[in-house]
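Trainee: what follows is a predicted structure for the sequence shown.
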Amino acid sequence: MLAFCRWLEATPWSIALHESLWAYAIIESAHVLSLCVFVGIAVLWDFRLLRLTLRDVPVSEFLARLMPWMVAGFVVMVVTGALLFFGIPVRSYQSVFFRAKVVMLILAGVNAWVFHATVGRRVVEWDSAPILPRAARVAGVVSLCLWAAVIFSGRMIAYNWFDCDTPQSDLVRTLAGCTDDLRE
Amino acid sequence: MLLPYFEWCENSALGATIRDSLWLFPVIESFHLVAMAVLGGTVLLVDMRLLGLGLSRRSVATLARDVQPFFVAAVAVMLVSGLLLFSSEAVKCYYSAAFWVKMTFLAAAITFTYSARRRLVGADGECRDSLYGRFVGLTSLLLWFGVGAGGRWIGFS
């Protein structure tokens, strides 16, 4: 994986993106602003599962009407995020925050999948119920926590406290996957 | 004219504490971002409805009323965290064009939200699916987009 990242980093497109004055900044802005579309609606969705807002809107209607927008926002986030990684592959791969973010993204995906595969399947049974199934509420809380954690760790990737090119403890070096050979 | 005030902010104990800390700025920034996502979601839901998208079978007034507490809470968190971030680098902000662009959009967005947009979404009028409703929804989205884009750009300067 590290070898792949190093190869990626040496490609002309990666170098061009890394050194561009505007492209990287614009992609990063698009990545951050699409948070409003994806996480913004996801948070309202989780609040709906907790019956904190939009109680009159059946859960199935919320999903049918807003899922396409969440998917669109998510696609923009993944594409711009992949481009950001493509511009700085090795450092990102060896960032503890990037690794934490990937783990939490996977967990958020598993949470969403479990919801839709289990309690979400029977949504018609509790669509407008005054008390939603416990599993649905748990999925909402877990999702809220994970997306907040994704935002926090994503923001921290920009900071170099734990980078491999500075002295780090053995724990950090293991978590970040630092190697002893010199890169450049 | 405002520079002395900006310098005072930057030299305040609060600003110095945040500036001298390794963790405070990024942590406050993360709260700022999480609140932005919530703010964006509440604005989007209502503005999309004004544009005939999303929860288009629901009344604008109901949607707006339902998400209002979260909108207000998100704005409050953004203002507090934003002021903290500002206090740590006020002089840099003073000389940053992006900062002034953001503040201009912010003033416009809040004024618009609490005047024309509020009159439209609060009333049970019939103009909701009208051209005017779409105009208000689009204007609101563009103003808040300006706030977000300007804010992101402060970090690049």
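Mentor: Received the coordinates, thanks.

Trainee: C-alpha only now, for contacts and for neighbours.
Mentor: OK.

Trainee: mind naming the longest helix for the chain?
Mentor: Picked chain A for this. Scanning chain A for the longest helix, with DSSP state H as the assignment, gives helix A:59-87.

Trainee: that was the other one, I meant chain B.
Mentor: With secondary structure taken from DSSP H, chain B has its longest helix at helix B:60-88.

Trainee: which residues touch the residue in chain A positioned nearest to chain B?
Mentor: When distances are taken as C-alpha to the nearest C-alpha, chain A reaches nearest to chain B at residue A:40, 3.7 Å away. With contacts defined as C-alpha atoms under 8 Å, 6 or more residues apart in numbering or on different chains, residue A:40 is in contact with B:37-42.

Trainee: next, the contact list for the residue nearest the centre of chain A, please.
Mentor: Nearest to the geometric centre of chain A sits residue A:105, at 4.7 Å (C-alpha atoms, centre = their mean). With contact set as C-alpha under 8 Å, 6+ apart, residue A:105 has these partners: A:146-147, A:150.

Trainee: okay, buried residues for whichever strand or helix holds it please.
Mentor: In this structure, residue A:105 is located in helix A:96-117 according to DSSP states H and E. By 16 or more other C-alpha atoms under 10 Å in any protein chain shown, the buried positions in helix A:96-117 come out as A:96-101, A:104-105, A:107-108, A:111-112, A:115.

Trainee: get me the contact residues on chain B for chain A.
Mentor: B:26-27, B:29-31, B:33-34, B:36-42, B:44-45, B:54-55, B:58, B:63, B:66-67, B:145, B:148-149, B:152-153, B:156 (C-alpha under 8 Å from any C-alpha of the partner chain).

Trainee: buried ones only from these, please, as a PyMOL command.
Mentor: Under the burial definition 16+ other C-alpha under 10 Å, those of those that qualify are selected in PyMOL by:
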select buried, chain B and resi 26+27+29+30+31+33+34+36+37+38+39+40+41+42+44+45+54+55+63+66+67+145+148+149+152+153
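
Trainee: from the residues of chain B next to chain A, which land in strands?
Mentor: With DSSP state E as the criterion, strands contain none of these.

Trainee: which of the residues of chain B next to chain A fall in helices?
Mentor: When DSSP H defines the helices, the subset of the residues of chain B next to chain A inside them is B:26-27, B:29-31, B:33-34, B:36-42, B:44-45, B:63, B:66-67, B:145, B:148-149, B:152-153.

Trainee: returning to that earlier point: helix or strand for the residue of chain A closest to chain B, which one?
Mentor: When elements are defined using DSSP H and E, residue A:40 is found to belong to helix A:23-49.

Trainee: just the CA trace of the lowest-mean-pLDDT helix or strand in chain A, in PDB.
Mentor: The helix or strand with the lowest mean pLDDT-type score in chain A, counting by mean pLDDT, DSSP states H and E, is helix A:123-126 (a mean of 90). In PDB, the C-alpha atoms belonging to helix A:123-126 read as follows (Å, rounded to 0.1, in the frame of the first residue of the first chain):
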ATOM      1  CA  VAL A 123     -40.100   1.000   7.900                       C
ATOM      2  CA  VAL A 124     -43.800   0.800   6.900                       C
ATOM      3  CA  GLU A 125     -44.600  -0.700  10.300                       C
ATOM      4  CA  TRP A 126     -43.200   2.300  12.200                       C
END
